[in-house]
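Sequence first, predicted model second:
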Protein chains: 4
Amino acid sequence: MTTLVSTAAMRKPTGSAVGVAVIGCGYWGPNLIRNFFDTPGCRVVAACDANDGRLETISRRHPSLTVTTSFDDVLADPSVDAVAIATPVNTHAPLAKRALEAGKHVLVEKPMTTTVADAEELVDLAERSGLTLMVDHTFVYTGAVRRIKQLIDTGELGNLYYYDSVRINLGLIQHDVSVVWDLAAHDLAIMDYLIEQRPIGISAVASTHFPGGMADVAYLTVHFENAMIAHFHVNWLSPVKVRQVLIGGDRRMALYDDIESTEKVKVYDRGVRWSDDKDEARREALVAYRLGDMFAPVLDQTEALRNECGHFIECIRSGQAPATDGHAGLRTVRMLAAAERSINEQGVVVRVNG
Amino acid sequence: MTTLVSTAAMRKPTGSAVGVAVIGCGYWGPNLIRNFFDTPGCRVVAACDANDGRLETISRRHPSLTVTTSFDDVLADPSVDAVAIATPVNTHAPLAKRALEAGKHVLVEKPMTTTVADAEELVDLAERSGLTLMVDHTFVYTGAVRRIKQLIDTGELGNLYYYDSVRINLGLIQHDVSVVWDLAAHDLAIMDYLIEQRPIGISAVASTHFPGGMADVAYLTVHFENAMIAHFHVNWLSPVKVRQVLIGGDRRMALYDDIESTEKVKVYDRGVRWSDDKDEARREALVAYRLGDMFAPVLDQTEALRNECGHFIECIRSGQAPATDGHAGLRTVRMLAAAERSINEQGVVVRVNG
Amino acid sequence: MTTLVSTAAMRKPTGSAVGVAVIGCGYWGPNLIRNFFDTPGCRVVAACDANDGRLETISRRHPSLTVTTSFDDVLADPSVDAVAIATPVNTHAPLAKRALEAGKHVLVEKPMTTTVADAEELVDLAERSGLTLMVDHTFVYTGAVRRIKQLIDTGELGNLYYYDSVRINLGLIQHDVSVVWDLAAHDLAIMDYLIEQRPIGISAVASTHFPGGMADVAYLTVHFENAMIAHFHVNWLSPVKVRQVLIGGDRRMALYDDIESTEKVKVYDRGVRWSDDKDEARREALVAYRLGDMFAPVLDQTEALRNECGHFIECIRSGQAPATDGHAGLRTVRMLAAAERSINEQGVVVRVNG
Amino acid sequence: MTTLVSTAAMRKPTGSAVGVAVIGCGYWGPNLIRNFFDTPGCRVVAACDANDGRLETISRRHPSLTVTTSFDDVLADPSVDAVAIATPVNTHAPLAKRALEAGKHVLVEKPMTTTVADAEELVDLAERSGLTLMVDHTFVYTGAVRRIKQLIDTGELGNLYYYDSVRINLGLIQHDVSVVWDLAAHDLAIMDYLIEQRPIGISAVASTHFPGGMADVAYLTVHFENAMIAHFHVNWLSPVKVRQVLIGGDRRMALYDDIESTEKVKVYDRGVRWSDDKDEARREALVAYRLGDMFAPVLDQTEALRNECGHFIECIRSGQAPATDGHAGLRTVRMLAAAERSINEQGVVVRVNG
């Protein structure tokens, strides 16, 4: 950590493009490359992967790009200002650490790390070095999630009753990561962005159906200090793809259905009127629930990754904290680690700090 | 319990109609009346309710029916062979007990009782008296659930991975019963019918949002001896109505969507091929999941309650045990009671016996 | 027509129930009976059908009802003030005529008659006798159609571009009536209610797929004096059930999907901005279409037939013209007759008068 | 036309990549470029457009590509073996003609031309020169349309009753082409591929809602020698996007819903049993319609344009006729021209030859 550079030094002069290298060219890396190519103010310099075949594919599409199997070469390249890390989860921490130590800004896939300690170290390292550390919590950059954030912040939903999330599909069952660290990472990150209030505990159950495999079906419950309850269903063994979040508030309720091509967000002016009148007849006489209009706000349709790549470059230039900075990454890892511990301890509630 | 009569005496001679009285004329009672009117081999004799206004409505629709506020009169009427009880939950046990003691066959709304002890007493009483005791687990009598039962029993789904159920809507929040005893009663009864294997434990969490109210959002997890996991989401505060069960098997997977007007059951020839090859490249080379055709079997469209009323009359005549007999009612009450205890004890796993 | 009575005589004194007889107890008749039973201010007196089996079913459900195979007896019964005719289409005209001549108010199934001449005769007869003649254009009494009417009348949709209707399903192919007279009768009646402007011509094509049968698939185009165009697709050979109306206006657009259980009406704040700038670049620079919010208004959920039966009784009492009076029935029959003629003449545009 | 070269000369030796230039870099061109980059056996050589800004965007993404505003330069380049034309419709014919005359293979956007005469000339020119002429009827290369073709060809649907197509959305209203030539071009091309039988006539109606604009809503009916009927609804003023084809056969029926993300094709084992028994009671006693299972076959998910680009290269190499060759393009243009004439002549049936 002797190579730490000053913030001032790192901020690009206006007019000069930020040089970006993409590390990992499997499923997600090519999307990063494509979007950085379309991001103004940035120049895609290199792509790095251990697999020659993947690099070849990249070269065919983007013949101008330097491709390399050496992460060292990337770090040594002075034209590389920032790296975007899209490698297997367990390599996030070491690669991100080395990049920060080499004075590069870092955008890292979710989950940021596999342990709380690693996440804390990265956050610390980035802060001390004055470098931008951003986590690729992609959904935070969608028009849908942005609009829901607005609905909550302006009080349109009122006080929240519950937050219920379902993300299930037939998944490529992974060998190095459970469905919790893979899928729930998305959902906890979305909730972390949407809801100001911090959880106090998590309980979770999971099931593993393949010998030597990791959990492929899991249910997480997140507890808060008040009656709000959050729940997450993640599943790699579902024949159908569902991506739904239901948010119940005492003023309005919202449904976020990411499978819908348009109308991804619906806001319902519905609720319950509670009467604690002791007289049953009088109680029933009161209208028991309120059914009002539904509306689906128009949403920004820009590809999330486009917004995100632009935001990354902008944060590098301005020094502002990204919407999904290292702290957001750390909070998400804390929830994931708590869920994992609960699963191992028969669903006991595990406290989440900070 | 001195009035217990012999089985033989109770079985109706062929050709003579079974006299039925419906107790409770709120929301469900009128449906029972309408369906018993259309059931061959039975004669609707009387309707009983404490509320005069409701009886008036019944009289207007069915001027031939005797209406009364006296349950005693119903029990004393020798032309009444059987009673169908559709009253508030906490009255099920005492009313059913008195009816059985008076030598009447009983069809009782779900949940059968509010305590395991009451349920056990009713089962015992019915068996000793040779009377038919049936619980109104309505969904068991739908074409959809019947077809799924067939899919499971014939092995078309294979070994089950999980059973995931969601029943949410904007509900009339009740004062005398929580969302668990109201909604989850349906779902646990459906699972009890579909799956042979018996649960060993239940954990549950819930949230209560109205002062003096009962739980209005709850999540239940049912544990089995193997890796199969069952989960139930019930919610009275949802702006949208969802009634879905997803059943994942290692041969096929089924989706039961009760909101769909046709195609309520879809069977997916989809699954995951698991490779534990240590070589990542070779592992990835194997096709990781199998995507086959989907099919939606044609379903019997008869109204469930029609089937159920016919089945009740038939069981009275033949002495056979109903598909949803007292034992099914008892098993369901056991699960509900376990869930309630788990909710009160921070989600600890509560054992379910029998 | 010597039996014509004066209007004054026919209007029921307040407090005395209107006696109703239902003629035809096939598919629709029992619904009429059930709803008239629940309609205040009316008394269901008799049910009439040529088929004894049907009458038996009615008797079982409503033992208090007089059932008869004689229409004459119904007409002769002084306690019968009004008849609701739900018989095969070709009998509507003669039965309605005789009922009006006997001094009975008439509610008749759609289509009111099979010829324009018959329809004109009924309208004339009812007007001269001061009796209420109402056509069972059921959908006009739904919360959905009522709300759309409001959207149009208040100008929320603006000037209309088009009206596109699809009503298709796997139908009981009828022997005495084509898909046009059966299904399009609904849709033309809905449009007649919703849109003030009267059509000037209709062209239609159809196809017949069974020997000796009538048209089972048809497409109708309704022309107006301006650029508005209306189109109807009716089909008895569709594997799926679709009931959709799309109404495009220059301010907003509405989708009425009758299959949806809630949100049957959706209003889209969408449209096209037209630029006739000759410069292609400048033209493209203008935002070419406007995508705004969607909203789904809450709708009155009362069963349409309940509203309709109540409206019929109310019109009988007050003498006011029903929302779907004989004139509406006549206009609909005129459109159906024009469509039929166009089908027989290779799709030529047939003028619609009045 | 003196430059015509022999077929033999044009067929590429194995091992040598086919050089492709993409003409027109607006909406569709970039998709062609991206897909040709991923097509083995082909080399993307150049991109051509009159607009410098567009070329700049292309260069940023594909820095290796030659970009030019000169079509002449492209034609003069001997490394260009084939051109893919994605320019405004009215330029298709002249550009394709010049390319063929220069000895280049041609892939041209739909519709192939704006007149039947132009289409005939291109077909003739390609045949005489032995060059591959292919029309970009993209949907023909989807897994969905391919699977439906199989369902029809194997007789699984039986004899066809009707073909009903809806393609509506909020469209960029075009100034140089009507909704018929824009949207219906897709649908007529799909039908042309799926159905062997050739139409004998077309009638159509349309409406134009903007001064100086072209038809934005249209309905086309296609007539065949037997009772089969085809119908197309195309609309640029719809608030919702619908892309559905319903194909009714006497054995089974298929629904192709291109908006669905999975299950785009559903096959229904449903139909009508026709009884012409004169006795109504006996007729009704027969089950009037058959409701069987539905199944949704698994579909090839490859991007259509990927398949198409590969097919184009393969046809150039082998000399085989493309699935969507010039003749298919010509047949589609004939139908479009007939529809246009019918629209101008009040919906009269216009004969379609060939």
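Looks like it arrived, so ask away.

Isn't residue A:202 up against residue A:335?
Yes. Applying C-beta atoms under 8 Å, one finds residue A:202 in contact with residue A:335, separated by 6.0 Å. For every residue, glycine as well, the C-beta is placed using N, CA and C.

Now residue A:313. Its backbone dihedrals?
Main-chain torsions, residue A:313, degrees, to the nearest 10: phi -60, psi -40.

I'd like to know how many residues surround it.
Residue A:313: 24 surrounding residues under other C-beta atoms under 10 Å in any protein chain shown.

quick one: pLDDT of it?
Looking at residue A:313, its pLDDT reads 97.

What distance do you get for the residue nearest the centre of chain A to residue A:187?
Note on chain A: the residue nearest the mean C-alpha position is residue A:137, at 2.4 Å, using C-alpha atoms, centre = their mean. Noted for residue A:137: a distance of 10 Å to residue A:187, by C-beta to C-beta, to the nearest Å.

does residue A:20 count as helix, strand or coil?
In three-state terms, and counting by DSSP: H, G, I helix; E, B strand; the rest coil, residue A:20 is strand.

Hmm, it is touching residue A:45, no?
Yes. With contact defined as C-beta under 8 Å, residue A:20 reaches residue A:45; the gap is 6.3 Å.

Domain-wise, how is chain A divided?
Using automatic domain parsing, the domain parsing of chain A gives A:7-131, A:140-302+A:334-351.

can the ones you listed go into JSON lines with extra columns for mean neighbour count and mean pLDDT?
Shown next, in JSON lines, are those (neighbours: other C-beta atoms under 10 Å in any protein chain shown; pLDDT from 0 to 100):
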{"stretch": "domain A:7-131", "mean neighbour count": "19", "mean pLDDT": "92"}
{"stretch": "domain A:140-302+A:334-351", "mean neighbour count": "20", "mean pLDDT": "91"}
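
Nearest to chain B, out of those?
Nearest to chain B, of all these, is domain A:140-302+A:334-351, at 3.5 Å by C-beta to the nearest C-beta.

Would you mind measuring the gap between the ends of that closest one?
25 Å (C-alpha to C-alpha, to the nearest Å).

Give me the distance from that domain to the chain's centre.
Between the centre of domain A:140-302+A:334-351 and the centre of its chain there are 14 Å (C-alpha atoms, centre = their mean, to the nearest Å).

Settle this for me: residue A:48 is touching residue A:67, isn't it.
Yes. At 7.5 Å, residue A:48 and residue A:67 qualify as touching, with contact defined as C-beta under 8 Å.

Now residue A:170: closest residue in space that isn't a chain neighbour?
Of all residues beyond its chain neighbours, the one nearest residue A:170 is residue B:289 (5.2 Å), with distances taken as C-beta to C-beta, 6 or more residues apart in numbering or on different chains.

For the one you found, give its distance to residue C:190.
Relative to residue C:190, and taking C-beta to C-beta, residue B:289 is found at 47 Å.

swap in residue A:156?
From residue A:156 over to residue C:190 (counting by C-beta to C-beta), the distance is 35 Å.

likewise residue A:144?
From residue A:144 to residue C:190 the distance is 35 Å (C-beta to C-beta).

which stretches of the stretch 251-354 of chain A form helices?
A:280-285, A:304-318, A:326-344 (DSSP state H, counting those that start in this stretch).

Is the last one in proximity to chain B?
No. For helix A:326-344 and chain B, the contact criterion (C-beta under 8 Å from any C-beta of the partner chain) is not met; the two come no nearer than 9.5 Å.

Tell me which other helices or strands that helix touches.
If you count contacts as 3 or more C-beta pairs under 8 Å, 6 or more residues apart in numbering or on different chains; DSSP states H and E, helix A:326-344 packs onto helix A:116-129, strand A:133-136, helix A:185-194, strand A:201-207, strand A:217-223, strand A:350-351.

Select the longest strand from chain A.
strand A:237-249 (DSSP state E).

Quick check: neighbours of that strand in the sheet, parallel or antiparallel?
Here strand A:237-249 has these sheet partners by DSSP bridges: strand A:160-170 (antiparallel), strand A:253-257 (antiparallel).

Take the ones you listed and write them to TSV, including distance to residue C:174.
Formatted as TSV, the strands paired with strand A:237-249 follow (distance: least, C-beta to C-beta, whole Å):
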stretch	distance to residue C:174
strand A:160-170	45
strand A:253-257	40
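
can you list the residues of the stretch 51-200 of chain A near chain D?
Proximity of the stretch 51-200 of chain A to chain D (C-beta under 8 Å from any C-beta) is limited to residues A:60-64.

switch to 10 Å and redo it
With the criterion set to C-beta under 10 Å from any C-beta of the partner chain, the stretch 51-200 of chain A comes near chain D through A:57, A:59-65.
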